[in-house]
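> kindly generate the corresponding structure for this input.
(one chain, ligands or ions: 1)
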Amino acid sequence: MSAQILDGKTVSEHLKDEIRARIAKHIANGQRAPHLVAVIVGNNGASETYVASKERNSKSVGMDSTVLRFPETMTEAELLAEIERLNSDLSIDGFIVQLPLPKHIDAQKVTFAIKPEKDVDGFHPYNTGLMLKGIDTLLPATPYGILLMLEYYKIETSGKNCVVIGRSDIVGKPMAALMSRNAYPGNCTVTMCHSKTNNLEFYTKNADILVVASGIPEMVKGDIIKPGAVVIDVGITRVDDASNPKGYSIKGDVHFESAAAVASYITPVPGGVGLMTIAGLLQNTLKAYETKK
Ligand code: NAD
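Presented below is the predicted three-dimensional model:
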């Protein structure tokens, strides 16, 4: 392996120390702690893991954290009413509704119902619009976390070719927008690839910065990566693994060993972007709290 690891643990711990110090200062000044709420509907093992980690991390920086669990049978109207309650509760600074939702609930309706000032996942179209216009706002937590990581390692981005694989609303699209903005990290020449892209390797072989968010485990191997590229692996997939006591192991969208042999920097899975997403969420919650104040 020749690549340097972009270590999500180091960066997120550094950011959490900063957040913890800011919260301690607010509390010393007689303010209450920021309050983050996570809503989870139904029984999804991965969602439970993510929410448990969000709760643990928000508490570790001194935030109040509440998890609201509802049964799979919750109706869309009931969830929208719950969101209305969270929107108007002054003691709550931000909340997330963990995806995926049960099939009978329209996730888009839910996203639109969240008050933009409390939208700490950064999914509301109002926040998307501000982001596209380059106006300071709550950014989608995963792309935001990736920016924080690039910044921490002082990765040069200006003038670089950045290829983003994936065009989802929560990762690919905002990532491409942020990497092309006129700011640091950004100022890249961005290409967005997706499931209909022909000859993917034509693009990846020309990528100085490659962000992979396809949801296909180990799809990108070293032979289609430009030597010296910075490789950001967003993928998290549970793959059956009889050798693991849990019965599964977590795979990224990049084949780590072959990619690390040619890249200059690479994020591991786990221990990379997943931890940065939580750091992005905590930064957003602190921002929502401080803006309200
Ligand atoms: P998605 O399924 O919504 O989008 C996948 C995208 O990949 C699509 O836009 C599709 O066009 C593209 N794609 C599929 N096959 C392709 C191919 N062969 N070539 C090129 N593009 C292809 O997924 P998502 O929500 O963006 O998530 C992507 C991955 O990132 C998943 O593994 C998910 O679990 C993970 N994820 C991780 C975090 C984190 O915190 N690390 C956060 C969000 C998502």
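> show me what contacts Arg22?
The neighbourhood of Arg22, defined by Cβ atoms under 8 Å, 6 or more residues apart in numbering, consists of Leu286, Glu290. For the C-beta atoms, the positions are set from N, CA and C on the backbone; glycine is no exception.
> in terms of helices and strands, where is it?
With elements delineated by DSSP states H and E, Arg22 resides in helix 8-28, which encompasses its position.
> tell me what the next helix or strand after that helix is packed against?
Later in the chain than helix 8-28, the nearest helix or strand by DSSP H and E is strand 35-41. Strand 35-41 makes packing contacts with helix 45-60, strand 64-70, helix 76-88, strand 94-97, helix 273-292 when contacts are defined by 3 or more Cβ pairs under 8 Å, 6 or more residues apart in numbering; DSSP states H and E.
> sheet-wise, list the partners of strand 35-41 with their directions.
Taking DSSP bridges as the criterion, strand 35-41 sits next to strand 64-70 (parallel), strand 94-97 (parallel) in its sheet.
> what lies in contact with that strand?
47-48, 51, 54-55, 58, 63-72, 74, 79, 82-83, 86, 91-98, 101-102, 105, 120, 281-282, 285, 289.
> how about it as PDB, C-alpha atoms only?
Listed next in PDB are the C-alpha coordinates belonging to strand 35-41 (Å, rounded to 0.1, in the frame of the first residue of the first chain):
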ATOM      1  CA  HIS A  35     -30.700  19.400  21.500                       C
ATOM      2  CA  LEU A  36     -30.700  16.900  18.600                       C
ATOM      3  CA  VAL A  37     -33.600  14.500  18.000                       C
ATOM      4  CA  ALA A  38     -33.500  11.400  15.700                       C
ATOM      5  CA  VAL A  39     -36.800   9.900  14.500                       C
ATOM      6  CA  ILE A  40     -36.700   6.300  13.500                       C
ATOM      7  CA  VAL A  41     -39.700   4.500  12.000                       C
END
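> so which strand or helix has the residue nearest the centre of the chain?
Centroid-nearest residue in the chain: Thr142, 1.6 Å away (criterion: Cα atoms, centre = their mean). Taking DSSP H and E as the criterion, Thr142 maps to helix 141-152.
> any low-confidence regions in this protein?
Applying pLDDT under 70 to the chain flags the ranges 1, 293.
> related to what we said a few turns ago, can you list the strands paired with strand 35-41 in JSON lines and add mean neighbour count?
Shown next, in JSON lines, are the strands paired with strand 35-41 (neighbours: other Cβ atoms under 10 Å):
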{"stretch": "strand 64-70", "mean neighbour count": "16"}
{"stretch": "strand 94-97", "mean neighbour count": "26"}
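> just the buried members of the contacts of strand 35-41?
A residue is treated as buried here by neighbour count (16 or more other Cβ atoms under 10 Å); on that basis the buried members of those are 47, 51, 54-55, 58, 63, 65, 74, 79, 82-83, 86, 92-98, 101-102, 105, 120, 281-282, 285, 289.
> buried stuff in stretch 249-261?
With burial defined by 16+ other Cβ under 10 Å, the residues of stretch 249-261 counted as buried are Ile250, Lys251, Gly252, Asp253, Val254, His255, Phe256, Ser258, Ala259, Ala260.
> how many residues are close by the nearest residue to Lys205 once chain neighbours are set aside?
Spatially, and ignoring its direct neighbours in sequence, Lys205 is nearest to Lys226 (5.4 Å; Cβ to Cβ, 6 or more residues apart in numbering). Using other Cβ atoms under 10 Å, the number of residues around Lys226 comes to 19.
> Lys226 and Phe202 touch, don't they?
No. At 11.4 Å, Lys226 does not count as touching Phe202 under the criterion of Cβ atoms under 8 Å.
> pop the domain breakdown of this structure in here.
Here the chain is described, according to automatic domain parsing, as comprising the domains 31-115, 141-274.
> how close does Ile209 get to Phe123?
From Ile209 across to Phe123, the span is 24 Å (Cβ to Cβ, to the nearest Å).
> show me which residues of the stretch 51-200 of the chain sit near the ligand.
For the stretch 51-200 of the chain, the contact set with the ligand under Cβ under 6 Å from any ligand atom comprises 142, 165-168, 170-172, 193-195, 197, 200.
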